[in-house]
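In: One predicted model, sequence on top.
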Amino acid sequence: MALLHPSTPDETPTMELPEESALLRIFIGEQDRYDHKPLYEAIVLKARELHLGGATVLRGSMGYGQSSRIHTSKILHLSMDLPIVIEIVDSKEKLDAFLPVLGGMMEGGLVTLERAQVIHYRPGKPKR
């Protein structure tokens, strides 16, 4: 389970993740929308609101999905709907609880869930 801990003087919470966690991977299109904003943005904001461990959005340069239509960033075939992958890490229980929320936000796409071993999860410090 992710735990919130105050870590800075302004009481900004930090998260802790169990070593045995899970990785939720969400594949959508760049043009997908939810509540008048990009779907990827809405998903990350909802994950943060629900205190999930962390989320990252990756923009693909090429891909295809169920329709088999190629989406690419090549100049001659510029797509306005490039692949987007959102990765969220937390306990399996918290991600399982997030799935119905996510299902209500998505019209299409692919969602996968896999085991993940957390090696370390800590704030970065500048190296000198």
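Out: Received the coordinates, thanks. It should be emphasised that the depicted structure is a prediction, and the values quoted were computed from it without experimental measurement. Residues are numbered from 1 along each chain as shown.
In: and residue 42, what does it touch?
Out: When contacts are counted by Cβ atoms under 8 Å, 6 or more residues apart in numbering, residue 42 touches 34-35, 105. For every residue, glycine as well, the C-beta is placed using N, CA and C.
In: Oh, that last question was meant for residue 67, not what I typed.
Out: By Cβ under 8 Å, 6+ apart, residue 67 lies in contact with nothing.
In: SS state for it?
Out: Three-state assignment for residue 67 (DSSP: H, G, I helix; E, B strand; the rest coil): coil.
In: Can you tell me how far it is from residue 97?
Out: Here the distance between residue 67 and residue 97 works out to 31 Å (Cβ to Cβ, to the nearest Å).
In: and if you look at residue 18?
Out: 15 Å.
In: These two: which is more packed in?
Out: Set residue 18 next to residue 97 and count neighbours by other Cβ atoms under 10 Å: residue 18 wins out with 17 against 13.
In: my guess is residue 53 meets residue 121, correct?
Out: Yes. Between residue 53 and residue 121 a contact is recorded at 7.2 Å, counting by Cβ atoms under 8 Å.
In: tell me, what's touching the two both at once?
Out: 15, 17.
In: These two: which has the busier surroundings?
Out: Taking neighbours as other Cβ under 10 Å, residue 53 and residue 121 compare with residue 53 leading, 23 against 16.
In: Excluding sequence neighbours, find me the nearest residue to the more buried one.
Out: Here the nearest residue to residue 53 in space, its sequence neighbours aside, is residue 90; by Cβ to Cβ, 6 or more residues apart in numbering that works out to 3.9 Å.
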